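Q: Need a 3D model of the following:
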Amino acid sequence: MDHVSLQEPGPGEVLLRQEAAGVNFIDTYHRKGLFPIGELPRALGVEGAGVVEAIGPGVTSVRVGERVSYPRSPVIGGYASRRTIPEWLLMRLPDGIDTDTAAAISLRGMTAHMLMSRVRPLNAGDTVLVHSAAGGLGLVLVQWAKALGVRVIGTVGSPAKADLASSAGADAVILYKNADFVEATRELTNGAGVDVVYDGVGGDNFTRSLAVIKPFGMAINLGQSGGPLPTVGLAELGPYQSLSVSVPGLSPYLRTLAAVQPAADQVFARVLDGTLKVHIGARFPLAQAADAHRLIESAQSTGSIILLP
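A: Okay, the predicted model is just below:
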């Protein structure tokens, strides 16, 4: 295996010894070139956790020896044993959150924080539809929404995944291979529809989801595992349906936060009090990152996948 020498961290940078790295579907887009990542070769990976080894000039928020994680780096490179990273992205880990858990929840937890606090705040009594409800983000959304008093309907691809989504708190689970999720959702809501759809599938799945949203509800796309995003005409959204569509990104959200740590503290607090249970579906050695990608693309994975350097 090739080794790369790292320079000392520059101003505002931290040298991190990574103990775990998260595997996310966006990593497969980077690998395929769907989202350009700049000059090659370079490591993939947007999420990780570890211990601060050194700090550059001007770094004040973390100290050498502290345990930290990051939910999304503007410079990818999480599939590594050591890396430099901007200080402002780092989230200090509280006692009780190990680095495996942090690498599995940092990106998904902060994404849920963005969705629930910024994109479309939820209220008790709302109803939401979560596609891929047994996936890494899906399980987080199910639990977070339930903690807010929301009725959650999930879609999954197998009975085992249905059991997992139900154990996370989903009120109803649709096996989309056996039933039309549009018809099933309408039946479950007595024709009223849902307030929000969380879709990480894209393609036709996103278009069809518009048919189950209440007036003034919102469709939120979080990925395109099933195909690129379709073109949606404004006339299809209103005025009769009066729908909104959002395709939010975590990186802009992190840049607009006054500080990342307070939001991270809210995510970690939910883990510590048991409101948010982190499900790690698979662990792979870093050298087997290709196998991790095969698993996440197979639609057979559940929860989060992490790499161990």
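Q: longest helix anywhere in the protein?
A: Ranked by residue count, the top helix of the chain under DSSP state H comes out as helix 99-114.
Q: pLDDT below threshold where in the protein?
A: 1-4 (pLDDT under 70).
Q: Which residue ranges make up each domain of it?
A: Annotated domains of the chain cover 13-105+258-308, 123-247 [automatic domain parsing].
Q: Residue 112 is nearest to which of those domains?
A: domain 123-247 (4.8 Å; Cβ to Cβ). (C-beta placed from N, C-alpha, C; glycine too.)
Q: before we move on, the earlier item: which other helices and strands contact the longest helix of the chain?
A: strand 13-23, strand 48-55, strand 67-70, helix 136-147, helix 250-256, helix 260-272, strand 280-285, strand 304-308 (3 or more Cβ pairs under 8 Å, 6 or more residues apart in numbering; DSSP states H and E).
Q: Dump it to PDB, keeping only the CA atoms.
A: Below are the C-alpha coordinates for helix 99-114, written out as PDB (Å, rounded to 0.1, in the frame of the first residue of the first chain):
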ATOM      1  CA  THR A  99     -15.300   7.400  17.400                       C
ATOM      2  CA  ASP A 100     -17.100   4.500  15.600                       C
ATOM      3  CA  THR A 101     -20.500   6.000  16.600                       C
ATOM      4  CA  ALA A 102     -19.300   9.500  15.700                       C
ATOM      5  CA  ALA A 103     -18.200   8.400  12.200                       C
ATOM      6  CA  ALA A 104     -21.600   6.700  11.800                       C
ATOM      7  CA  ILE A 105     -23.800   9.600  12.900                       C
ATOM      8  CA  SER A 106     -22.000  12.900  12.300                       C
ATOM      9  CA  LEU A 107     -23.000  13.500   8.700                       C
ATOM     10  CA  ARG A 108     -26.500  12.000   9.100                       C
ATOM     11  CA  GLY A 109     -27.100  13.600  12.400                       C
ATOM     12  CA  MET A 110     -26.200  17.100  11.100                       C
ATOM     13  CA  THR A 111     -28.300  16.500   8.000                       C
ATOM     14  CA  ALA A 112     -31.300  15.700  10.200                       C
ATOM     15  CA  HIS A 113     -30.500  18.800  12.200                       C
ATOM     16  CA  MET A 114     -30.600  20.800   9.000                       C
END
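Q: what's the next secondary structure element after it?
A: strand 127-130 (DSSP states H and E).
Q: Please name every helix or strand in contact with that next one.
A: If you count contacts as 3+ Cβ pairs under 8 Å, 6+ apart, strand 127-130 packs onto helix 136-147, strand 151-156, strand 194-199.
Q: how about a cut-off of 10 Å?
A: Judged by 3 or more Cβ pairs under 10 Å, 6 or more residues apart in numbering; DSSP states H and E, strand 127-130 is in contact with helix 136-147, strand 151-156, strand 172-175, helix 181-188, strand 194-199, strand 213-221.
Q: In terms of secondary structure, what does the fourth one contact?
A: For helix 181-188, the elements it packs on are strand 127-130, strand 151-156, strand 172-175, strand 194-199, helix 203-209, judged by 3+ Cβ pairs under 10 Å, 6+ apart.
Q: let's see it at 7 Å
A: strand 151-156, strand 172-175 (3 or more Cβ pairs under 7 Å, 6 or more residues apart in numbering; DSSP states H and E).
Q: same check, this time on the second one
A: In terms of contact count using 3+ Cβ pairs under 7 Å, 6+ apart, strand 151-156 is assigned the packing partners strand 127-130, helix 136-147, helix 159-167, strand 172-175, helix 181-188.
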